[in-house]
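Peer 1: below is the structure, and that's it, no one-letter string:
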């Protein structure tokens, strides 16, 4: 079973003072009673002091221990509780609140722009996954964003100890 989730904005309903509401559109193919993208959830994304969600672009998406993760391999990881995301209690649906944690500070790239034709695609040198059903790990090979001779490149691995506590270099 799976679901597709698309982040966006809901138009102001007239009572909100002119501001758009962050929202999620859901499509769950296993739920044949609902038409595609008919489920709409209000959401709250991380504040701009954490990350500018306008430039946030998930490269890796996965779930682990009841939490959904959207990882931008240049900037950091947005996450939410899946119970809140998939709650179907009608009008009393809670707002899906997203948290955010940055990548390890020594990793270059947070200031990089995507689409630079001189830099390889992120998938060539960085990824994040759940390993052995118990740990989230981030792997990065240096030398793609800054020039490093091939013989001097290193593979770095970090383990997420906790979103609040950050990354531990392995």
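Peer 2: That came in fine, so what should we check first? Just so we're clear, the structure is a prediction, and the values are computed from it rather than from any experiment.

Peer 1: number of residues surrounding the closest residue to residue 155 other than its chain neighbours?
Peer 2: Leaving aside its sequence neighbours, residue 155 sits nearest to residue 141 (Cβ to Cβ, 6 or more residues apart in numbering; 5.4 Å). For the C-beta atoms, the positions are set from N, CA and C on the backbone; glycine is no exception. When neighbours are defined as other Cβ atoms under 10 Å, residue 141 has 15 of them.

Peer 1: what does the one 3 residues further on give?
Peer 2: Counted with other Cβ under 10 Å, the neighbours of residue 144 add up to 19.

Peer 1: any idea of the pLDDT on the residue nearest to residue 155?
Peer 2: With respect to pLDDT, residue 141 scores 86.

Peer 1: repeat that for residue 160.
Peer 2: 90.

Peer 1: pretty sure residue 2 sits against residue 29.
Peer 2: Yes - under the contact definition of Cβ atoms under 8 Å, residue 2 touches residue 29, with a separation of 7.4 Å.

Peer 1: between these two, who's got more neighbours?
Peer 2: Taking other Cβ under 10 Å, residue 2 and residue 29 do not tie; residue 29 has more neighbours (11 against 8).
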